[in-house]
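Colleague: Show me the folded form of this:
(one chain, ligands or ions: 2)
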Amino acid sequence: MDVSRDPINMTYIKEASEILRQGGLVAFPTETVYGLGGDAKDKEASKKIYAAKGRPSDNPLIVHIAKFSQLEEITANLPETAKKLADAFWPGPLTMVCNKNEVIPYETTGGLDTVAVRMPNNPVALALIEDSGCMIAAPSANTSGRPSPTKASHVYEDLSGKIEAILDGGPVDIGLESTIVDLTEDVVTILRPGFINMEMLKEVVGEVRMDPGIVYNDKGTTSGAKPKAPGMRYKHYAPKGDLTIVSGNEEKVISTINQKTESAIAKGSKVGIIATSETADRYNLGQVLVIGDRSDEGSIAHNLYDILRQFDELDVDIIYSESFSTPNMGQAIMNRLLKAAGQKTIEV
Ligand code: TXA
Ligand code: MG
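Modeller: Numbering: from 1, shown residues only. Ligands and ions are numbered 1, 2, ... in the order given. This next block holds a predicted model:
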């Protein structure tokens, strides 16, 4: 259903609300990626979400709300930092992990005593939450293991026939999933990097740390610790083609990718290259796709998942990507790209 944003088609929102209240599933746009929603208080709806995605049921869902009071309604011992962070970043791409009370069932939180909550900054999402009267449990609306959907057509590819409706609100704004912070320990901890970065969080709450389980070098996590967010433990977003990231001096990156592409093609492989508008015409072989402008990191975040899906359709065997350690979202972009590559990088 094409709801458009301005004005929103309330007839479709009302149909979708009714589906949610009946325990059904609706995919909807947020500013980060599309979500697959069900009534967060309804354990049967949460079970259907896991089944539709093929997702392990110990990987908890994010509860989407439209008012701060809903956070208070479903949590216990809410710290003051929650209010400060909400004032600074909600509605927006920040998810807070808090201690839960009995309102949200364990089926929604993957058996955990904590609940992840977010107020999305998208008019369709907010209209759906308000009109349905439901808090909406929603993971990204992709099949487990595929890139998160940034367009309604991606959701359709993965979940058509498995859910009751898809609300099409056009392409999303950001294109990477929300930043997740854990507020249940002494120090605010980033469990998943996103658009809201460490510096932005520090300005609001002072000390912030990165979950040691998501800090990698080429040998795996530097600390040996497991990521605290269950979803960060799985190999995610793996494209069908074998992806390697090439990083370092730009000229060397380009020549290394050109050499490797040439020898892979000589061996009969189909090769894809992830380039930027600044570098695309320096590659003569392989299937070159432009992810965005190096000077505009938002464009890179926005197109990343779509590019990975395009390479799946092109059926390439090998993908080489440039590296994108950009100033603000670089950590989030590289976190997703490294996961897609199974951490495979070449330093030149
Ligand atoms: O931007 C987003 O956050 C999107 C949109 C739809 O809001 N949603 C999203 O959901 O990315 P999902 O399910 O793909 O990722 C949720 C992540 C998983 O890594 C999960 O393990 C983690 O959040 N998570 C959820 N509840 C948690 C909890 N109580 N403690 C720790 N991690 C949690
Ligand atoms: Mg996901």
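
Colleague: near ligand 1, which residues of the chain?
Modeller: 30, 32-33, 35, 59-62, 95, 97, 109, 112, 114-116, 118, 120, 138-140, 177-178, 180, 191, 228-232 (Cβ under 6 Å from any ligand atom). (Each C-beta comes from the backbone N, C-alpha and C, glycine too.)

Colleague: In strands, which of those residues fall?
Modeller: Cross-referencing the residues of the chain next to ligand 1 against strands under DSSP state E gives 35, 62, 95, 97, 114, 115, 116, 118, 138, 180, 191.

Colleague: mind giving me JSON lines with these and columns for neighbour count and pLDDT?
Modeller: Shown next, in JSON lines, are these (neighbours: other Cβ atoms under 10 Å; pLDDT from 0 to 100):
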{"residue": "35", "neighbour count": "31", "pLDDT": "98"}
{"residue": "62", "neighbour count": "26", "pLDDT": "98"}
{"residue": "95", "neighbour count": "24", "pLDDT": "98"}
{"residue": "97", "neighbour count": "24", "pLDDT": "98"}
{"residue": "114", "neighbour count": "19", "pLDDT": "98"}
{"residue": "115", "neighbour count": "26", "pLDDT": "98"}
{"residue": "116", "neighbour count": "27", "pLDDT": "98"}
{"residue": "118", "neighbour count": "27", "pLDDT": "98"}
{"residue": "138", "neighbour count": "27", "pLDDT": "98"}
{"residue": "180", "neighbour count": "25", "pLDDT": "98"}
{"residue": "191", "neighbour count": "21", "pLDDT": "97"}
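
Colleague: Widest-spaced pair of the residues you listed?
Modeller: Greatest spacing in these, by Cβ to Cβ: 35 and 114 (19.3 Å).

Colleague: For whatever residue of the stretch 101-250 of the chain ends up closest to ligand 1, list the residues it contacts.
Modeller: For the stretch 101-250 of the chain and ligand 1, the shortest gap (Cβ to the nearest ligand atom) falls at residue 231, measuring 2.1 Å. Residue 231 makes contacts with 59, 60, 139, 192, as judged by Cβ atoms under 8 Å, 6 or more residues apart in numbering.

Colleague: what about the strands in the stretch 151-300 of the chain?
Modeller: 165-166, 179-182, 188-192, 208-210, 216-217, 220-221, 242-247, 271-275, 287-290 (DSSP state E, counting those that start in this stretch).

Colleague: Save those as TSV, and put in distance to residue 153 too.
Modeller: Below are these laid out as TSV (distance: least, Cβ to Cβ, whole Å):
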stretch	distance to residue 153
strand 165-166	9
strand 179-182	26
strand 188-192	25
strand 208-210	34
strand 216-217	32
strand 220-221	35
strand 242-247	22
strand 271-275	20
strand 287-290	17
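
Colleague: Mean pLDDT lowest where, among the ones you listed?
Modeller: Looking over those, mean pLDDT reaches its minimum on strand 220-221, with a mean of 58.

Colleague: burial of the nearest residue to residue 169 once chain neighbours are set aside, as a residue count?
Modeller: Leaving aside its sequence neighbours, residue 169 sits nearest to residue 29 (Cβ to Cβ, 6 or more residues apart in numbering; 3.5 Å). Applying other Cβ atoms under 10 Å, we find 30 other residues in the vicinity of residue 29.

Colleague: again with the one 10 residues further on
Modeller: Residue 39 has 23 neighbours, counted by other Cβ under 10 Å.
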